[in-house]
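K.L.:
sequence and predicted model, in that order:
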Amino acid sequence: MEITKLILKDYRSFHRFHWEPSSGVHIIYGENGSGKSNLLEAIAMLSTTRSPRTHRDTELVSWRALDEDPLPGAFISAEKINASKQIATRESIDISVSAAEPISYDANIPRDPRPRMIKQFQRNKSPKKASDVIGCIKSILFSARDLKIIEGTPADRRRYIDATISQLNREYVVALREYNKIIENRNSLLKQINTGRQKNSALDIWDIQAAKAAAVIVTTRESILDNVSRTTSVFFSELNPKNTETNKITLRYSPNAKVDLTGSISDIESSLADSFAQSRQADISRGVTTVGPHRDDLVFQLNRSDASVSASRGQLRSLALSLRLAEVDLSRASTGEQPILLLDDVLSELDEAHRERVTHLVQESDQTFIATPDPERPRASDLPSSNRWLLENNELSERAFSI
């Protein structure tokens, strides 16, 4: 899979940007703050429709647009080709983020620091829902932020789970979208019951619908994460060959609700419905839904201990890299396509063995984008056929580094 055209308008640090990258490896060099991470973030967002760096869509819009345009917005567009197919397929994806209503610039009126934003999508120039766009462009981002998957909050790990699975399974995307809407409505109803404006029985239909969507989510997560766990363990052993017997890595999916994931889908749905019913009084009291996939977690263990506590810094980096390598393997096995690789300043933090593993992976990929502030990483001898670029003043210029 390859991107053949990338267009950015008022996206982060980019005002107007147009690039038509070729296949192969593209090493993008630039000083810190030049926009390298923004460029890779835009490609990752085309894959998942969400930024891997922020939850606030306002932050995606350039300051110039926010300060000058009464209806500011950002635009990302890409054309891609599935080069591995016998018959090459070309598609385009467009994502726009814009203010829902004009922003006042009257000095006497306080400006809303977080204006409501609207996100819209197109696939082949036709308006689409997010679920119709996710996974059209498949990419995997390696960055220093990957440590948050292990050391961060359960919400960080759920974002990783959802981003990984969503690119590969449309049924999961639809179920997750439906479930989130149901939980939003259920939470609103819980508050109304708490204040006496609704009866408890009004939750019955929402619990049934939530259980149905949740069953699809948890069974898909269990299946995919079991695969990821096994492959991550293999890669971790390969990266740490001297300690394979004493350093065992396991990943365990931890559902928030009490459910037997070995049962049938109908049994799982029934168990989830029971969990929602059993938590009803606590939910009414708190005004939020306290059980369900939106509170699940992924547990990383090193020798049966919490890896975020027991692992060294080097082991954590190795585990994060192994996790992404497993994701690449999963994507290739599931789709028969090579995902686009995005490496955001990660090579400089890896030792020689880990760099060699990543370099080998890059050489197998159809297309890779590597962002680095250091023109000596990676060396020209490591990736001799790579295309090297300098990003400066939001423009790319091709360079021939003699390293």
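P.N.:
Cool, the structure landed. Predicted, not measured: the structure shown is a model, and the values here were computed from it.
K.L.:
report the contact partners of K5.
P.N.:
18-20, 77-79 (C-beta atoms under 8 Å, 6 or more residues apart in numbering). In this view, the C-beta of every residue, glycine as well, is placed from N, C-alpha and C.
K.L.:
buried set for the helix or strand harbouring it?
P.N.:
Following DSSP states H and E, one finds K5 within strand 2-11. Within strand 2-11, the residues scored as buried using 16 or more other C-beta atoms under 10 Å are 2-4, 6-11.
K.L.:
what is the nearest of the residues you listed to N227?
P.N.:
Minimum distance to N227 across the buried residues of strand 2-11 is 25.8 Å, recorded for E2 (C-beta to C-beta).
K.L.:
what pLDDT does the spatially closest residue to that closest one that is not a sequence neighbour get?
P.N.:
Spatial nearest neighbour of E2, chain neighbours left out: Q367 (4.4 Å); criterion: C-beta to C-beta, 6 or more residues apart in numbering. You'll see Q367 listed with a pLDDT of 95.
K.L.:
and Q367, bridged to which residues?
P.N.:
G24 (DSSP bridges).
K.L.:
I figured it hits M1, correct?
P.N.:
Yes. Between Q367 and M1 there is a contact under C-beta atoms under 8 Å: 7.0 Å.
K.L.:
could you check the angle strand 2-11 makes with the helix or strand that contains L341?
P.N.:
Assignment of secondary structure by DSSP H and E places L341 within strand 340-344. Computed by axes from the mean of the first three to the mean of the last three C-alpha atoms, to 10 degrees, the angle separating strand 340-344 from strand 2-11 equals 50 degrees.
K.L.:
and the next element down the chain from strand 340-344?
P.N.:
helix 352-364.
K.L.:
which parts of the protein are helices?
P.N.:
In the chain, the helices defined using DSSP state H lie at 36-48, 63-68, 147-151, 154-166, 170-194, 204-239, 265-278, 280-286, 307-310, 313-335, 352-364.
K.L.:
out of those helices, which comes closest to I118?
P.N.:
helix 63-68 (14.5 Å).
K.L.:
list the contacts of the closest one.
P.N.:
So helix 63-68 is contacted by 10, 15, 58, 72-74, 103 (C-beta under 8 Å, 6+ apart).
K.L.:
re the thing from before, closest one to R90 out of the buried residues of strand 2-11, please.
P.N.:
Distances from R90 to the buried residues of strand 2-11, taken by C-beta to C-beta, are shortest for T4, at 7.7 Å.
K.L.:
for the strand holding L341, C-alpha coordinates in CSV please.
P.N.:
Once non-C-alpha atoms are left out, strand 340-344 reads as follows in CSV (Å, rounded to 0.1, in the frame of the first residue of the first chain):
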residue,chain,number,x,y,z
ILE,A,340,2.4,2.1,5.5
LEU,A,341,5.0,2.5,8.2
LEU,A,342,5.4,5.8,10.1
LEU,A,343,8.5,6.1,12.3
ASP,A,344,8.5,9.3,14.4
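K.L.:
relative to that strand, what are the paired strands and their orientations?
P.N.:
strand 139-143 (parallel), strand 367-372 (parallel).
K.L.:
for these, could you give me TSV that also reports distance to S397 and mean neighbour count?
P.N.:
Formatted as TSV, the strands paired with strand 340-344 follow (distance: least, C-beta to C-beta, whole Å; neighbours: other C-beta atoms under 10 Å):
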stretch	distance to S397	mean neighbour count
strand 139-143	24	24
strand 367-372	15	24
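K.L.:
give me the low-pLDDT residue ranges for this structure?
P.N.:
83-88, 104-113, 243-244, 400-403 (pLDDT under 70).
K.L.:
switch the cut-off to 80
P.N.:
66-68, 70, 83-88, 103-114, 242-246, 348-349, 375-377, 379-381, 399-403 (pLDDT under 80).
K.L.:
geometric centre of it: which residue is closest?
P.N.:
A163 (3.8 Å; C-alpha atoms, centre = their mean).
K.L.:
that one touches S51, doesn't it?
P.N.:
No. Using C-beta under 8 Å, A163 makes no contact with S51, being 10.6 Å away.
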